[in-house]
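In: here is a sequence with its predicted model. Questions after.
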Amino acid sequence: MKRRYLFALLPIFLSPLSCSANNGDKNTIKTVNTLMEYYLSSHVKPGNNNQYDYKLGDFNGDGVEDMVVLFKPVSKPGETTQLKVSAPWVYPGSKPSSEYHKSIAIFNGSKESWKSDKTRVFVLLDNLGVLETPSFELLVSKKTDKDYTGHVDMLPIKLTNDLIVLPTEAGIDTYIYWEKGSYHLFEPEEMP
């Protein structure tokens, strides 16, 4: 009788433990909060329910896990050797507001730790409200996903690492991708 219980529990002990952004793992949520406080401190506030929306992936292709976080800036962070700030949502004739809307922080992890001097942080500020549409959801297309090829085929470069996907109200996905030491925004032309 005891053997049956042991074999019933065996799959539980053998299943891999992982931190998934989709299941809201408490350790990962704590890491997100710690990183936002450590690198961006007084420049940010969390989103809905006092939590950050985040996803994990290898966005720069170095084999180390990275993290993308959606947040609301309260001010523009100052740049450092570890922190780079850009505003990719700039359109001819658009009137940016003086306040910042939901924006993105990307943490390029290091093999040492998230708080290593090798960790790089990229803040992509939005002062137009592009990421605040009612149906917006932060997504990641991983190399192992079946729809990955469809996403990366849209890009102006050949990409082999995970991709940040930003859906729009019009149903046309936009993308944040890594190239030459920085993150870039790609917006496909709308089909007529």
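Out: Cool, the structure landed.
In: contacting residues for the residue nearest in space to the middle of the chain?
Out: For the chain, the residue nearest the mean C-alpha position is residue 68 (1.9 Å; C-alpha atoms, centre = their mean). With contact set as C-beta atoms under 8 Å, 6 or more residues apart in numbering, residue 68 has these partners: 54-55, 57, 59, 104-107, 138, 140, 164, 176. No exception for glycine: its C-beta is placed from N, CA and C like everyone else's.
In: which members of those are positioned in strands?
Out: Judged by DSSP state E, the subset of these located in strands is 54-55, 57, 104-107, 140, 164, 176.
In: what residue ranges in the chain score low on pLDDT?
Out: 1-24, 46-50, 190-192 (pLDDT under 70).
In: highest neighbour count among the ones in strands among the contacts of residue 68?
Out: Ranked by neighbour count (other C-beta atoms under 10 Å), the ones in strands among the contacts of residue 68 have residue 105 at the top, with 27 neighbours.
In: who does that one form a beta bridge with?
Out: Counting by DSSP bridges, residue 105 is bridged to residue 69, residue 123.
In: quick one: contacts for it?
Out: 36, 39-40, 44, 68-69, 71, 121-124.
In: in JSON lines, list the contacts of residue 68 along with distance to residue 89.
Out: As requested, these are exported to JSON lines (distance: C-beta to C-beta, whole Å):
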{"residue": "54", "distance to residue 89": "20"}
{"residue": "55", "distance to residue 89": "19"}
{"residue": "57", "distance to residue 89": "21"}
{"residue": "59", "distance to residue 89": "18"}
{"residue": "104", "distance to residue 89": "10"}
{"residue": "105", "distance to residue 89": "15"}
{"residue": "106", "distance to residue 89": "15"}
{"residue": "107", "distance to residue 89": "20"}
{"residue": "138", "distance to residue 89": "15"}
{"residue": "140", "distance to residue 89": "19"}
{"residue": "164", "distance to residue 89": "14"}
{"residue": "176", "distance to residue 89": "11"}
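In: just the closest of these to residue 29, please.
Out: Ranked by distance to residue 29 (C-beta to C-beta), those are led by residue 54 at 8.2 Å.
In: that closest one and residue 86, how far apart?
Out: Distance of residue 54 to residue 86, given as C-beta to C-beta, to the nearest Å: 19 Å.
In: can you check residue 144 too?
Out: Between residue 144 and residue 86 the distance is 29 Å, computed by C-beta to C-beta.
In: and residue 71, by the same measure?
Out: Look at residue 71 and residue 86: by C-beta to C-beta, they are 15 Å apart.
In: pick out whichever of these two has more residues nearby.
Out: Using other C-beta under 10 Å, the more surrounded residue of residue 71 and residue 86 is residue 71, with 22 against 15.
In: wait, isn't residue 175 in contact with residue 162?
Out: No - counting by C-beta atoms under 8 Å, residue 175 does not reach residue 162; the two are 11.1 Å apart.
In: so what sits opposite residue 174 in the bridge?
Out: residue 166.
In: next, count neighbours for it.
Out: When neighbours are defined as other C-beta under 10 Å, residue 174 has 19 of them.
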